[in-house]
Every structure is written in C-alpha cells, then in structure tokens.
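Asks: How does the following fold in three dimensions:
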Amino acid sequence: MPELPSDAVLDTLLREARGTQNAWQDRAVDDALLHRLYDLFRWGPTSANCSPARVLFLKSRDAKERLGPALSANNLDKTMAAPVTAIVAYDTRFYDFLPKLFPRNPAAKSWFTSSPAFAAETAFRNGTLQGAYLIIAARALGLDCGAMSGFKNAVVDQEFFPDGRLKSNFLCNLGYAVPGGLPPRDPRLSFDEACQIL
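Replies: Numbering: from 1, shown residues only. All right, here's what the predicted structure looks like:
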C-alpha cells in the first residue's frame, strides 16, 4: 500500500488552502514555475484522455488591462494586483487531438464529431476538472490561488479567443498572498449532510 501524504501536505493542498486570496505580495511568478505548473496538472485524468483545458496566463500590465472590462467591480483591483491571472478555458474542438492523446481507439474522435452536444458537455466537464487540478498543483508548488467566476465570459472570449474555438470557464489569480489577509475560514458540510453510502 502506498504511503499516505502527511497532514502538512494535505493541509497545503486542501484543508488549510484558501481559494479566495484577495491581497498579493509584490513578488513575481517566474515563467519557469508556470511551465512546471502545467507539467504537473496535465497528468490529472480526463475522460478518454481528452484534455480540453487551455490556459492563458496573463502577466503583463497590457494583458491585465485587456481583461479589466470583463471583471466585476469587486474582482478588478485584486486581479490587477495579482502577479498572474490564469484564464482557464476549454477547447471546443479538443477531439482534434484525440489521435495523439487516445491512440488506442482510432474511432474516439467520431464520438464527438457526431454529437456536438456531447462534445460541448465533455469539453466543459473535463476542462473544469483540469482547472481543479491546476489549483491543487499550484498549491503543491507553493503558489496561492484566487479562483473566481465574477466576470463576463462573452467579453473575455471576444477579447482573447475571438475565433470562437476556445471558451473561458473561470479565472484564477496566482501568486504569493499577503499573510493574514482573509477572514476566518467558512464551515463546510459534514459527511452526513453531503454524502450517502448505498
């Protein structure tokens, strides 16, 4: 049986991690760390290894200013201050890569080309799953995260993905949070409130 992660690791990844960081240190995130981040989260499983997530890492002031009009008022300042804002998107034509990603079944692409609704559902679900892997991988690499959905997807898509192939899902600020900048953590539901064993 594999050795389980320590409590310290589990705290870092989930129990003590905060997904709503609002205040950021003036400390850059190196491009090499973003490469490491992708190289880690890409290994999380997706159905038929479809891997539809696409990430646009915004670091420059110009890129952030292009994002600004899409943000809700309460997300603007913290996003401009974050060292990196990831636009977590998904590729609506992810199936074009299936011959490479899922070579054991040459017919896999046809599952999606024959059903646009199934393709859209698969892209969104698995792209969201990969976005969660990104957050956990970022925490594992020492980054703090501020995931958010307070923005206008259509504005982001028009500005950054005008050909329509990619669709934005959510945003995630990345960097190093100012310690102690958040209120006490909110409670979670108990097992009995959220789960059943049948």
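Asks: just so I have it, where are all the strands in the chain?
Replies: In the chain, the segments counted as strands under DSSP state E are 53-58, 84-91, 144-148, 166-175.
Asks: among those, which is nearest residue 24?
Replies: strand 166-175 (4.7 Å; CB to CB). Heads up, the C-betas are built off the backbone N, CA and C, glycines and all.
Asks: now the angle from the closest one to strand 144-148?
Replies: Using axes from the mean of the first three to the mean of the last three CA atoms, to 10 degrees, the inter-axis angle of strand 166-175 relative to strand 144-148 is 140 degrees.
Asks: partners of strand 166-175, with directions?
Replies: strand 84-91 (antiparallel), strand 144-148 (antiparallel) (DSSP bridges).
Asks: which of the ones you listed sits most buried?
Replies: strand 84-91 (a mean of 23; mean count of other CB atoms under 10 Å).
Asks: quick revisit: need the strands of the chain in a markdown table with distance to residue 43 and mean pLDDT, can you?
Replies: Below are the strands of the chain laid out as a markdown table (distance: least, CB to CB, whole Å; pLDDT from 0 to 100):
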| stretch | distance to residue 43 | mean pLDDT |
| --- | --- | --- |
| strand 53-58 | 12 | 98 |
| strand 84-91 | 17 | 98 |
| strand 144-148 | 19 | 95 |
| strand 166-175 | 18 | 98 |
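Asks: one step back: same list, the strands paired with strand 166-175, but as TSV with distance to residue 119 please.
Replies: Converted to TSV, these look like this (distance: least, CB to CB, whole Å):
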stretch	distance to residue 119
strand 84-91	10
strand 144-148	25
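Asks: Among these, which comes closest to residue 155?
Replies: Judging those by CB to CB, what sits closest to residue 155 is strand 84-91, at 11.6 Å.
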